[in-house]
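Peer 1: got a predicted model here, sequence first, then my questions.
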Amino acid sequence: MKFIVLRELSGLKTAEIIRAVIERPSQGAGVEAIRAGCRVLDAIESNDSPIRLALEDADHAFLVRAINGFTFGLVSKDLLTIVDDILNAAPRTGTSEAA
């Protein structure tokens with residue numbers, strides 16, 4: 001299990017960035033990617049924590065691949081902070097802090 005810090009920086013929200021990456025894959029999506037993407041989207045929808053999002057390791061690995069393959073239309077330090085939060089998600093709750 002990985003825990004992603006949920007932030008809002010300069011109007012950028014972690015959950016919205018994840019949704020955009022999953023819903024608009026740069027290289028298209030096969031059936032397995034659609035299934036994996038839907039698991040991540042379901043985790044966002046069912047999340048009840050305002051400070052972190054829990055993802056199974058396999059779903060986090062899928063999200064990392066999606067983030068690394070995504071072409072963002074923005075360059076900013078705040079976006080990079082959120083992306084780094086996603087890429088470096090902690091395996092347990094006590095190892096990262098919410099903004």
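Peer 2: Cool, the structure landed.

Peer 1: buried residues in the lengthiest helix in the chain?
Peer 2: Longest among the helix segments of the chain by residue count, using DSSP state H, is helix 31-46. By 16 or more other Cβ atoms under 10 Å, the buried positions in helix 31-46 come out as Ala33, Ala36, Gly37, Arg39, Val40, Ala43, Ile44. Just so you know, the C-beta spots here come from the backbone N, C-alpha and C atoms, and that holds for glycine as well.

Peer 1: pLDDT on it, on average?
Peer 2: Helix 31-46 shows a mean pLDDT of 96.

Peer 1: cool, and stretch 77-88?
Peer 2: Stretch 77-88 comes out at a mean pLDDT of 98.

Peer 1: that one: how far from the chain's middle?
Peer 2: 9 Å (Cα atoms, centre = their mean, to the nearest Å).

Peer 1: please apply the same query to stretch 19-38.
Peer 2: Stretch 19-38 sits 12 Å away from the centroid of its parent chain (Cα atoms, centre = their mean).

Peer 1: on that earlier part again, can you tell me which of the buried residues of helix 31-46 is closest to Leu63?
Peer 2: Val40 (5.6 Å; Cβ to Cβ).

Peer 1: sweet, I'm off.
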